[in-house]
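Participant: have a look; sequence and predicted model below, questions after that.
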Amino acid sequence: MKLSNKTLSQLPKKVVVPTYDRSNLKTKIVHLGFGAFHRAHQAVFTDILTAEHNSDWGYCEVNLIGGEKQIEALKQQNFLFSVCEMAYDNWSTRVVGVAKEALHADIDGIDKILAIMTRPEIAIVSITVTEKGYCYLPSTASIDTNNKLIQYDINNPTKPKSVPGVIVEALRLRKEKGLKPFTVMSCDNMPENGHVTRNVVLALAKQRDPNLADWIDNNVTFPSTMVDRIVPAVTSETMEKIQKQLGGIEDPAGVAGEPFRQWVIEDNFVAGRPDWQKAGAELVNDVLPYEEMKLRMLNGSHSFLAYLGYLAGYLHIDECMQDPNYIKAARHLMLQEQATTLRVEGVNLQAYADSLLDRYRNTGLKHRTWQIAMDGTLKLPQRMLDSIRFHLANNTPFDCLALGVAGWIRYVSGTDDAGNAIEVSDPSVEKLKQLVTTSSDNEERVLALLSLTHVFGDDLANNQCFIDKVTKAYFSLRDLGAKQTVQQLANNF
Ligand code: NAI
Ligand code: CS2
């Protein structure tokens with residue numbers, strides 16, 4: 001039996017279910033990217049707001065690429081889905097009721113999606129589509145005109161496939177109909193994610209019609225957000241546990257994440273917004289200091305643990321936390337090499353670092369190092385390289401960060417320390433493979449990978465101090481393996 005309005009009453013009593021009248025909800029937000037994270041984060045904030053403060057903000061959930069099953073599941077279960085919180089062995093569950101509609105571009109067609117986005121009452125288009133979805137170049141935060149989806153959208157602007165293309169076409173239709181625009185809110189892990197979104201949307205609009213670009217520039221806002229909740233990809237084991245939580249009822253759209261959640265939002269909305277602050281979000285004028293703190297301390301240490309952990313055979317983050325050297329290195333990276341680069345005020349960064357390590361220890365999460373290691377070409381810049389630039393400019397040490405970059409090079413070279421092949425997943429995977437196969441496993445390999453200027457920029461690709469440090473760390477990884485290299489590094493702290 002599946003989760004639905006009919007089966008709600010059969011759920012175990014401890015499961016929190018929507019007690020509000022769902023028919024009062026109005027679709028005012030279109031969300032692009034009905035992945036694991038959106039369900040456990042923005043949807044939960046909005047659900048709490050509805051349950052506790054009578055909000056009427058409802059969602060149309062959209063997937064453009066991938067995630068067909070989840071959209072189909074939503075449609076079959078009255079748009080209900082469950083979100084479990086995993087605190088070690090102690091799980092709790094909430095059924096979220098704020099989704100009103102759901103569409104998939106490949107199943108329902110892009111016209112239906114655009115039709116909803118051009119309803120007058122749509123006030124916000126929010127986004128969680130991974131860094132890849134923005135079709136941008138991380139070194140410059142500008143649109144990647146070589147991206148296949150962008151090229152397609154330039155030639156087929158009224159049937160777009162990319163996220164920027166869909167937003168541009170929806171805004172064009174709104175302008176044509178004389179409708180007010182909506183706010184575009186990215187909730188992906190990029191620094192100044194609003195700025196990146198604005199850049200790619202404006203660039204594509206300009207290509208099409210400079211007047212449209214001007215209208216968007218003058219009328220649409222792109223607030224930045226800092227988003228945080230660890231929500232690992234759902235495995236069949238997680239699915240079984242979710243079903244157990246639901247007393248045997250199935251929910252193919254269910255997810256499970258850690259209990260912690262944080263959302264800092266730039267308060268810049270052109271057509272109103274839910275009172276998310278009543279559900280625990282923080283509305284601020286400037287999100288960047290918070291974004292940088294989270295991206296460098298959390299995501300930077302995550303990526304460090306992911307590369308060095310995976311190479312050493314640690315398949316999950318909580319396994320890295322069983323190794324005292326990995327803990328020491330991650331804490332050093334957070335406090336000595338990342339916190340020192342930040343401008344956030346009023347946050348106890350030592351307490352923040354310790355709370356992150358505590359979150360990583362959660363054995364309920366089973367967060368795969370492989371999942372975090374993916375898409376490194378789009379993650380390294382904001383997680384490690386901006387801090388490295390700071391250290392180079394200030395002549396301060398960055399041994400952990402250099403080891404993180406070397407770990408990535410070793411990882412994308414395709415073999416772990418036990419000699420097993422690594423399945424590298426990255427939008428630039430073909431280029432990475434080519435660079436690896438045409439370079440020998442020495443300085444040449446390091447230089448080959450660092451020559452990716454869309455990742456490292458011209459500055460780092462040509463900085464001898466950076467190259468030397470990464471090469472030294474790379475040699476240690478190649479000759480001693482990740483465990484011993486991390487141990488040697490940790491011995492110095
Ligand atoms: P997921 O794999 O469950 O979902 C990915 C979503 O992105 C799907 O809805 C898919 O349809 C969409 N997508 C992927 N590539 C796309 C493309 N090229 N164009 C359009 N849509 C595309 O991943 P999850 O866990 O939902 O994470 C998504 C993003 O959310 C992350 O990349 C990150 O930026 C952000 N995030 C995730 C957290 C987590 O712990 N899972 C926590 C904080 C932020
Ligand atoms: C992780 C993040 O997959 C990754 O790259 O570092 O998704 C991380 O779990 C979240 O940002 C936590 O908020």
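Facilitator: Happy to help now that I have it. Ligands and ions are numbered 1, 2, ... in the order given.
Participant: so which bits of the stretch 251-400 of the chain are right by ligand 1?
Facilitator: Within the stretch 251-400 of the chain, no position is adjacent to ligand 1 by C-beta under 6 Å from any ligand atom. Every residue, glycine included, has its C-beta placed from N, CA and C.
Participant: can you pull out the low-pLDDT segments for the stretch 251-400 of the chain?
Facilitator: Counting by pLDDT under 70, the stretch 251-400 of the chain shows no low-confidence range.
Participant: quick one, helices of it?
Facilitator: 288-293, 300-312, 317-320, 324-332, 349-361, 369-373, 376-380, 386-394, 399-412 (DSSP state H, counting those that start in this stretch).
Participant: need those in JSON lines (columns: distance to Phe182).
Facilitator: Shown next, in JSON lines, are the helices of the stretch 251-400 of the chain (distance: least, C-beta to C-beta, whole Å):
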{"stretch": "helix 288-293", "distance to Phe182": "22"}
{"stretch": "helix 300-312", "distance to Phe182": "32"}
{"stretch": "helix 317-320", "distance to Phe182": "36"}
{"stretch": "helix 324-332", "distance to Phe182": "40"}
{"stretch": "helix 349-361", "distance to Phe182": "34"}
{"stretch": "helix 369-373", "distance to Phe182": "31"}
{"stretch": "helix 376-380", "distance to Phe182": "26"}
{"stretch": "helix 386-394", "distance to Phe182": "30"}
{"stretch": "helix 399-412", "distance to Phe182": "37"}
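Participant: turn the ones you listed into JSON lines, including distance to Asn199 and mean neighbour count.
Facilitator: Converted to JSON lines, these look like this (distance: least, C-beta to C-beta, whole Å; neighbours: other C-beta atoms under 10 Å):
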{"stretch": "helix 288-293", "distance to Asn199": "15", "mean neighbour count": "20"}
{"stretch": "helix 300-312", "distance to Asn199": "23", "mean neighbour count": "27"}
{"stretch": "helix 317-320", "distance to Asn199": "32", "mean neighbour count": "23"}
{"stretch": "helix 324-332", "distance to Asn199": "32", "mean neighbour count": "20"}
{"stretch": "helix 349-361", "distance to Asn199": "29", "mean neighbour count": "16"}
{"stretch": "helix 369-373", "distance to Asn199": "26", "mean neighbour count": "21"}
{"stretch": "helix 376-380", "distance to Asn199": "15", "mean neighbour count": "25"}
{"stretch": "helix 386-394", "distance to Asn199": "17", "mean neighbour count": "18"}
{"stretch": "helix 399-412", "distance to Asn199": "25", "mean neighbour count": "26"}
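Participant: just give me the neighbour total for the spatially closest residue to Pro18 that is not a sequence neighbour.
Facilitator: Nearest-residue entry for Pro18: Gly97, 3.2 Å, with adjacent residues in sequence omitted and distances by C-beta to C-beta, 6 or more residues apart in numbering. Per other C-beta atoms under 10 Å, the neighbour tally for Gly97 reads 25.
Participant: these two touch, right, Gly97 and Ile48?
Facilitator: No: assessed by C-beta atoms under 8 Å, Gly97 is found out of contact with Ile48, at 11.1 Å.
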